[in-house]
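**Student:** Sharing a model prediction with you, sequence too.
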Amino acid sequence: MTNSSIGVDLGGTNLRIAVVDPGGRLLEKVSLDTDVARGKDYAIGRMCEEVRRLQQKYQNAAALPAVGVGVPGIIDMRTGLLRGAENLPGWTDFHVGEEIEKGLGRPVFLENDANVAALGEKWLGASREVDDMAMFTLGTGVGGAIVLGGRIWHGMTGMAGEFGHMTVEPGGVLCTCGSQGCLEMYASATAIVRLAREAMAAGPAPGLARAAGSDQGLSAKAVCDLARNGDEDASAVVGRAGRYLGIGIANMVTTLNLPMYVIGGGVSRAWDLLAPPVFEQLQHYSLVYAATKPASPGIKSTGAGANIESRGPTKTIVVPAELGGDAGLYGAARLAMMSA
Ligand SMILES: [Zn+2]
């Protein structure tokens, strides 16, 4: 692992590429506002063009930098097929890895976007001092990942850790996956907006109605900002999302008994609001959490070193992610380093 590597974050709206050295230093970052709607051939063509340029620029005597790619969807590890990529219309059941390899003329390493984000947090973020962790990524949907011994736990076919599709409300809202009451339907950015609309339909909610009528419209961020400023209706919505998230985390704490659970994605910026209901539910629903909870739970991120040291090595730590939107980019680069 002496060579730098290239991480690609293939998002639904933009495509980012980073060159990272083995010490985790960012050497170069490129953001292509690739219109994924123009089709996969166009997006992959632009990506390969840029990756080839960076590979030439950063190659050394050892080799060209290896390439890791984070993809939003479930990758069948046996066949390389991309499944359930709702944010990349037209990409489902597509051999994405094979196509990129054709474009680059050499192998690439592929992972689900939640998995690379977890690898990034494990390498340089909140989990850098533990070997085993799980991550919940709260974005448009809810992603999940399990890291054991520093490596992604794939399960039999690569579908392990789909935390967003665990049932938290039997018979609840219909999910894009075909099931009902999935965590994604209650704790994602999309879910927070839907819960806010439900609150507005159920009775007067003037703060939410004002936000909905503004130029920016109703967003998860707007709901969280209102809640932070004391709006009762918005607080009830965020509290509900937090309680469902808490149930989901409680199930994983009870099942996996890992030392750390990291909460990332855009919605995790509201961790100050989500944490109180999350810890309440953890205490209530997980005997494993109750038996291993730290003296002070992680409402504020204090850095992994401080967490482990001050809370003890046999405590269950639940903390917000530290790398923000770059976790997947660093994780994809790390994936390439570990795999090459
Ligand atoms: Zn689902």
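**Tutor:** Cool, got the structure.
**Student:** all helices in the stretch 1-150 of the chain, in order from the N-terminus.
**Tutor:** For the stretch 1-150 of the chain, the helices defined by DSSP state H, counting those that start in this stretch occupy 40-58, 96-104, 113-124.
**Student:** Among these, show me which one is buried the most.
**Tutor:** Comparing these by mean neighbour count (mean count of other CB atoms under 10 Å), helix 113-124 comes out on top with a mean of 29. (C-beta placed from N, C-alpha, C; glycine too.)
**Student:** Now do that one, average pLDDT.
**Tutor:** The pLDDT scores in helix 113-124 average 96.
**Student:** Show me what that helix is packed up against.
**Tutor:** strand 5-10, strand 66-71, strand 133-138, strand 142-148, strand 151-152, strand 260-264, helix 327-339 (3 or more CB pairs under 8 Å, 6 or more residues apart in numbering; DSSP states H and E).
**Student:** isn't G266 right up against G141?
**Tutor:** No - counting by CB atoms under 8 Å, G266 sits too far from G141 to count as a contact (11.1 Å).
**Student:** Tell me which of the two has more neighbours.
**Tutor:** G141 (27 against 18; other CB atoms under 10 Å).
**Student:** List the contacts of that one.
**Tutor:** Contacts for G141 were tallied using CB atoms under 8 Å, 6 or more residues apart in numbering; they are 86-87, 164, 176, 184, 188, 190.
**Student:** Can you tell me which of those is nearest the ion?
**Tutor:** For the contacts of G141, the closest approach to the ion (CB to the ion) belongs to E184, at 5.5 Å.
**Student:** burial count for the closest one?
**Tutor:** Number of residues near E184 (other CB under 10 Å) recorded here: 29.
**Student:** Spit out the contact partners of it.
**Tutor:** 141-142, 164-165, 175-177, 190-191.
**Student:** go on, A270?
**Tutor:** Applying CB under 8 Å, 6+ apart, the residues contacting A270 are 220, 224, 227-228, 238.
**Student:** ok, I263 touching F136?
**Tutor:** Yes - I263 lies in contact with F136 (CB under 8 Å); the separation is 5.2 Å.
**Student:** Looking only at neighbour counts, state which of these two leads.
**Tutor:** Neighbour count, other CB under 10 Å: between I263 and F136, F136 has more, with 28 against 24.
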